[in-house]
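Q: below is the structure, and that's it, no one-letter string:
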């Protein structure tokens, strides 16, 4: 993997993962596609100078993406990666719904990687200087929630059952979950940023990783029997070929 210094580099690497996933029919490509879509949106906002510090935002986005790309490369090469990413990658061949595969990636990336990236990029500076731009991303994610919901409905025809479980507030529930995850990530970023001793930072990072892993296990195996049954029914009617799924997700 060549050195990644720009968001364009990130997009190209994500395209490579998606292409490889289609070739091998690997569900790793499901999160990679969603991540590429959101990264493209962030890149567009940066190009329009919509952040307080657009150069810093690109540095954060690149640092953030590299944590995922490094985890992907490490896992493929049988190297040690974070527990939450190892768990997410381990599930790619399990009979889970498309949404579950995506959420496993989002959980590891937002709840762990984002905190690490923000604390690293703001090392030696006041982390609160980036808070407004950090939170602005929530608004961008909210804007594309409906689009992603519609696209997922093309490959998961019983997605409407999630609306029933959410009392027809599925979009709000997804947005709330995303906002909650990013708020937790911000809190974790501040904690990591405040630590000066390397050993203390490593212990804090490992604690975060363990908490994220517990949530990943809940995403895979919900405690509610009703939700578990709904997910099994949804999964039974979904498209299974990764290439077909991604093609439908990308189609306008």
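A: Arrived safely. Remember, predicted model here, so these are calculated numbers, not experimental data.

Q: residue 126: how many residues sit nearby?
A: 9 (other Cβ atoms under 10 Å). For the C-beta atoms, the positions are set from N, CA and C on the backbone; glycine is no exception.

Q: with residue 147 instead?
A: 11.

Q: and the helix or strand hosting it, how far out from the chain's middle?
A: Using DSSP states H and E, residue 147 sits within helix 131-155. In this view, helix 131-155 has its centroid 12 Å away from the chain centroid, taken as Cα atoms, centre = their mean, to the nearest Å.

Q: list the buried residues in it.
A: Under the neighbour-count criterion of 16 or more other Cβ atoms under 10 Å, helix 131-155 has 131, 133, 134, 136, 137, 141, 148, 149, 151, 152, 155 buried.

Q: just the mean pLDDT for that helix, thanks.
A: Mean pLDDT, taken over the full extent of helix 131-155, equals 81.

Q: check which helix or strand covers residue 99.
A: helix 98-108.

Q: picking up where we left off before, the helix holding residue 147 vs helix 98-108, what angle?
A: Helix 131-155 runs at 160 degrees relative to helix 98-108, counting by axes from the mean of the first three to the mean of the last three Cα atoms, to 10 degrees.

Q: which strands or helices does helix 131-155 pack on?
A: Where contact means 3 or more Cβ pairs under 8 Å, 6 or more residues apart in numbering; DSSP states H and E, helix 131-155 is packed against helix 28-47, helix 54-76, helix 98-108, helix 170-194, helix 242-250.

Q: could you identify which of the ones you listed is most buried?
A: Across the helices and strands packed on helix 131-155, averaging neighbours per residue (mean count of other Cβ atoms under 10 Å) puts helix 98-108 on top, at a mean of 23.

Q: what's the first helix or strand after it?
A: Heading C-terminal from helix 98-108 (DSSP H and E), you reach helix 115-121.

Q: which residues sit against that next one?
A: By Cβ atoms under 8 Å, 6 or more residues apart in numbering, the residues outside helix 115-121 that reach it are 56, 59-60, 63-64, 67, 127, 130, 134, 185-186, 188-193, 205, 208.

Q: swap the cut-off to 6 Å and go again
A: With contact meaning Cβ atoms under 6 Å, 6 or more residues apart in numbering, helix 115-121 is reached by 59, 60, 63, 64, 185, 188, 189, 192, 193.

Q: could you identify the most distant pair in those?
A: Farthest pair in those (Cβ to Cβ) is 59 and 188. Separation: 19.1 Å.

Q: coming back round to it: from the contacts of helix 115-121, pick the one nearest residue 3.
A: Among those, and counting by Cβ to Cβ, the member closest to residue 3 is residue 63, at 12.8 Å.

Q: and the residue nearest to that closest one when sequence neighbours are not counted, how far from residue 4?
A: Of all residues not flanking residue 63 in the chain, residue 117 sits nearest, at 4.3 Å (Cβ to Cβ, 6 or more residues apart in numbering). The gap separating residue 117 from residue 4 is 13 Å, by Cβ to Cβ, to the nearest Å.

Q: who's more crowded, the two?
A: residue 117 (23 against 17).

Q: roughly how far does that one sit from residue 151?
A: 26 Å.

Q: just give me the residue closest to the centre of this structure.
A: residue 106 (2.6 Å; Cα atoms, centre = their mean).

Q: ok, for residue 195, nearest residue in space, not its chain neighbours?
A: residue 201 (4.6 Å).
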